[in-house]
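Undergrad: model this:
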Amino acid sequence: MPDIIDNQTQKLTDHVCQILQQTESVKFAVGYFFVTGLQELKQEFSHLNKIQLLIGNQTNQQTIDALMQQEQQPERVKKIIGKRQTPREKQRIATETQAKIRAALAVPPLTDSTENLFELIQQWLDSGKLEVRVYTKEKFHAKAYLFSYKEGFYGKGIGIVGSSNLTVSGLKNNTELNVLVHGDDNFAQLNHWFERLWADALPFSQALMQAIQTSWASKIYTPWDIYLKTLYKLVEERLEYAASNIIHWDSKLPPLTRFQQVAVDQGLKILRDHQGVFISDVVGLGKTFIGIGLLKHLQRTGFKHQVIICPNALEKDWRDNANEYEVFAEIIPLSKLSITDSPLKRIKYADVVLIDESHHFRNANSQRYAVVEEFLRGKTVILLTATPRNNSAWDLYNQIRLFQDDATPSLNLDTYDNLKKYFQAVDKLEQQARELEISAEKTDCLNKARHKIEQLLQQVLIRRRRNHINKYYPDETINGKPIKFPTRQLQRLDYNIDDTYNNLYDDIRHHIAKLHYARYSIGLYVKEALRGEKKWANLARAGRSLRGIMRVLLLKRFESSVVAFRNTVTKMLKMHNLFLKILQQGYIVADAKLLEKLEDADGNLDFESVQDGKYSQEDFYLEDLERDLRDDMAQLSEILNMVTEITPAQDDKLQSLLYQLQQAPLATEKVIIFTQYSDTARYLYEQIKADNLAVIDSKTKNKMQLLQLFSPRSNNYQLNKNETELRLIIATDVFSEGLNLQDAAAVINYDLHWNPVRLIQRVGRIDRIGSEHDTIYIYNFFPETALDEGLGLRELLRRRIQEIHDTIGEDEKILDEKERLNEADMYSIYNNEDASTEDQEICFDMNEAEMFIRNLRDNDKATFERIRQLPDGIRAAKSSHINGTFVFCGVENRYKRLYLLDELGKIISSSPAEILPLLQCKADTPTHPLPNGHNKRVEPARRLFEEHLNKIIQSLKHPEITPEQNYIINKFNEWRDDLLTTENQRNLINHLISVISQPLPSYVLTELRALKRKKIAGSELVEKIDKLVYHFELEKPKPNLSTFPITKIYCSESLWKPNSKI
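TA: Predicted structure coming up:
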């Protein structure tokens, strides 16, 4: 065979195997060693008497190389190398080498063949056949393979020297250069060289034996080990960041509890990684203080220009907090964001923006969203909200968009290259589920949608619940007092809506169902020939939406109170009369405000005062419009006649409330009565007639004063001598967000709930940290009819929901999500279940996993350290209610994925929320023998994970080009091919095309869209794009997306049903 071995024409492994047939012992010296490198040689090694393996170590080598190359200080280099010869340093290097080899032992594939190899190596080490040492001096870069021939064979031996390490790649895959060294004299010199280094090296056989004995292949671990290893690897990066990060506390900081400090720590890591974070602890756990903690830390670390955006009702609280804790921030109430001259436009510099009650920005179509979205570009964003999602996944998307761009997100979007596409996939699954009857398919759609939301939110959301605080912080105190959470007691208050409406409930409901809502949907009466035009299509779409809103408004006010309903019908009739009056004058006006402007104080019409919003009757089916309008007016008149004479004494709902307020505990406790409508609030205020009562709605000027009089203790307010403490408050939802009202013990919800989000906010006003009540009371009014007597709740609720559907009809599909029915939560609320009022799961709770491991670290250091040191690839088996194989795959600090596979290797689930409960166990959970074929069942998970990673790489490398980008690229290509274009211009165009072809932020796409709309081309287009590239810094180098680090299998577990075969 040729003497030159390059792994192309000649494979090193072939040469070695051939030489080993005449060899009795070997001495190998290599810089890098992977045990799996012996896989290629194990059969030929079987007859050897002795194997000596000398391996190198590169600990601190970068330091030495840097000194030699950059500082050129050889004496200092010698000094550093000298230090490495101390016993302590040698031992440290040996320990690090052992750790590296332990990690290498877990490199996939984890097969039966590899397991057999590990067993064989143990036998060789145990018998002394294999001896290993590690060289700890200067960098060990040489590779030499020495073969001592059997007695009687010609010559003493032969050597191979060159570049190949003892790895699979070095032996046959990499392009290498090695040479055979012949001759006894050469062999003797090589042998002398090896023995000299061997004498200076540290014994390592025992360390290698220990590494193999604790590896995945040599020991079956316990289910408890698998469970803890899985939790630890899921939250490892969070813990490492917490250990390395020093939070800058100072004296001007709120008295944060331990769980609030942890949230600050977690929030800082998320902000570092993704530039935005949700602080979404359930209501009452002190999100404001967590927000202040984040602002103070950022302020101390360079983020000095800060802005706080909050609801109007919380502006004073934030100003007080900012003053007390020296948070130097501009504070802007929500109401000012909707005006043309927004204060944000005057703020030149801002590093970080905190938005309190950020769910107000779940609608991207609002003016305030547009103002804030533009302002937040490139800034660090902190979102405080207990209810980030109402019903729709788009609620979350729109808030995440405040700190993440569609095309260039930092989030792991699985195989999607675009944030919007990710949510479109979620929405599609949820839409499919809504259209299906209760079935396995419906459940599967919901689970897949939930899993996608879990995967996303666990990266940016911090959410703890009361049971989390009780479990992990049982001894936590505030101002020296133990934290306690009141018990919630829910009670449904049934009333007869038939009696309330003088036994005309069904008649009124049927009249409501007959309404055309013609005045609100004039776009539906546009002539057929015009409907394709954008102007009329938009009017029709707006009309359908407004019709649905009016139906909901009328229906909700109908249930809320007689007065709210009567006032609404009266106003609707007035506007219908005015619309008809204008119609008869030859005009059609859709906007209610414009209608009112047209009529002066004497009832005359002034068409000249309004230029916009008027439509010509020629464009409409006028006869149909007028017919439906008159029919609506007739229905509304009938309804008004039915409700005009109903008195408070006949109002069964009101009388039920008055009776309940006289009973314990409401007769003595502080009570908040919530209603959605100010008409109802004022009506109740007039009828209750108590001295210590106040009403609060959007028009109330002294809200904060009334807040302090109602809940002075929780707001640190001392009453003046002439002030009287309030016991009862009637309020609309302007009083339901962010306020501290925990002096109160009861909340009464006067209106029927379609959706629990508002209820969560309301109850959170009194169920907060610092409440001194053992029990808080939540009362929910529920309407019944005479025909409902004797029915169970599910049937009662089914009837009410069906009545709503009958009235709203198809319009429910176009309603805003917050107006849609949430039937499951409605049942929970009115069945007196607490689940819907607070601890709604948004996603798998990574915070829970982190706290479990944190507690282990702080309170059981020995177990924590043992789990941290567990090798990758470990296996176990436990009984379960299903048959399957759990596998945890990942690439360090990037992507991690759990798999649950069936017997055929198909995915059952990859959702942590579904898989972790299957792994959950105790320290004494029995360990079962590992079933035959376990390794074979693990391998498909690795392949699935690597396929998944390849999809991610492809989605990042080949993003979808938008129409705007295509337009620019096409115009550039046209101009580049023009004969008059110079070489320099072509070079610039090529460069700009490469930049524009990348994924671009939405704000850049907006600029490109404007250029396309204006049909900019030629040199002007090049000039404008060049400026955009510079202005938005689009030439920044992108990370290499061609490969990922090596795939790891962290652990696996066989799950099996007792008495079943797997």
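Undergrad: From now on I want contacts and neighbour counts done on CA atoms only, so please keep to that.
TA: Noted.
Undergrad: Helices of the stretch 451-600 of the chain, start to end?
TA: With DSSP state H, counting those that start in this stretch applied, the stretch 451-600 of the chain shows helices at 466-472, 497-500, 505-514, 534-560, 562-584, 592-598, listed in chain order.
Undergrad: Need the contact partners of the second one.
TA: With contact meaning C-alpha atoms under 8 Å, 6 or more residues apart in numbering, helix 497-500 is reached by 504-506, 559, 562, 650-653, 783-786.
Undergrad: Lowest-scoring secondary structure element of the chain by mean pLDDT?
TA: helix 61-66 (a mean of 34; mean pLDDT, DSSP states H and E).
Undergrad: Check whether residue 350 sits in a helix, strand or coil.
TA: Under DSSP: H, G, I helix; E, B strand; the rest coil, residue 350 falls in the coil class.
Undergrad: The one 3 residues further on now?
TA: Secondary structure, three-state DSSP: residue 353 is strand.
Undergrad: how close does residue 185 sit to residue 158?
TA: 10 Å (C-alpha to C-alpha, to the nearest Å).
Undergrad: Please identify which of the two sits among more neighbours.
TA: residue 158 (22 against 11; other C-alpha atoms under 10 Å).
Undergrad: The more buried one should be in a strand, yeah?
TA: Yes: assessed by three-state DSSP, residue 158 belongs to a strand.
Undergrad: What's opposite it in the beta bridge?
TA: Note on residue 158: beta-bridge partners by DSSP bridges are residue 147.
Undergrad: Where does the residue nearest to residue 850 when sequence neighbours are not counted fall, secondary structure wise?
TA: Excluding the flanking residues, the one nearest residue 850 by C-alpha to C-alpha, 6 or more residues apart in numbering is residue 235, at 5.7 Å. Residue 235 is part of helix 223-244, with elements assigned from DSSP states H and E.
Undergrad: how far off helix 223-244 does the helix or strand following that helix point, in degrees?
TA: Per DSSP H and E, the first helix or strand lying C-terminal to helix 223-244 is helix 258-274. Calculated by axes from the mean of the first three to the mean of the last three C-alpha atoms, to 10 degrees, helix 258-274 forms an angle of 80 degrees with helix 223-244.
Undergrad: give me the number of residues near the residue lying closest to residue 56 once chain neighbours are set aside?
TA: Nearest residue to residue 56, sequence neighbours excluded (C-alpha to C-alpha, 6+ apart): residue 31, at 4.3 Å. Neighbour count of residue 31, defined by other C-alpha under 10 Å: 21.
Undergrad: same check, this time on residue 722
TA: 5.
Undergrad: so which strand or helix has it?
TA: Residue 722 belongs to no helix or strand, assigned by DSSP H and E.
Undergrad: Of the contacts of helix 497-500 - the most surrounded one?
TA: residue 653 (26 neighbours).
Undergrad: how about whichever strand or helix holds that residue: buried residues?
TA: Here residue 653, judged by DSSP H and E, is contained in helix 652-660. Using 16 or more other C-alpha atoms under 10 Å as the test for burial, helix 652-660 gives 652, 653, 654, 655, 657.
Undergrad: give the contact list for the third one.
TA: I take that to be residue 654. 648, 684.
Undergrad: Distance-wise, check it relative to residue 766.
TA: 24 Å.
Undergrad: cool, residue 523 as well?
TA: 46 Å.
Undergrad: Kindly report the same for residue 445.
TA: Taking C-alpha to C-alpha, one finds residue 445 at 37 Å from residue 766.
Undergrad: Who has more neighbours out of the two?
TA: A side-by-side neighbour count of residue 445 and residue 766, using other C-alpha under 10 Å, places residue 766 first with 30 against 20.
Undergrad: which residue sits closest to that one, ignoring its sequence neighbours?
TA: residue 742 (3.9 Å).
Undergrad: for that neighbour, helix, strand, or coil?
TA: With three-state DSSP as the criterion, residue 742 reads coil.
Undergrad: rewinding a little: closest one to residue 306 among the helices of the stretch 451-600 of the chain?
TA: Nearest of these to residue 306, taken as C-alpha to C-alpha: helix 466-472 at 30.1 Å.
Undergrad: Go ahead and name everything in contact with the closest one.
TA: So helix 466-472 is contacted by 259, 282, 485, 839, 848, 851, 852, 855 (C-alpha under 8 Å, 6+ apart).
Undergrad: change it to 10 Å
TA: 258-259, 281-285, 465, 473-476, 483-485, 768-769, 838-839, 847-848, 851-852, 854-855 (C-alpha atoms under 10 Å, 6 or more residues apart in numbering).
Undergrad: Buried residues in it, which are they?
TA: For helix 466-472, by 16+ other C-alpha under 10 Å, it's 466, 469.
Undergrad: Would you mind writing the CA trace of it as PDB?
TA: This file holds the C-alpha atoms of helix 466-472, laid out as PDB (Å, rounded to 0.1, in the frame of the first residue of the first chain):
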ATOM      1  CA  ARG A 466     -51.300  32.500  43.400                       C
ATOM      2  CA  ASN A 467     -50.700  28.800  43.800                       C
ATOM      3  CA  HIS A 468     -47.100  29.400  42.500                       C
ATOM      4  CA  ILE A 469     -46.500  32.000  45.200                       C
ATOM      5  CA  ASN A 470     -48.000  29.800  47.900                       C
ATOM      6  CA  LYS A 471     -45.900  26.800  46.700                       C
ATOM      7  CA  TYR A 472     -42.500  28.400  46.300                       C
END
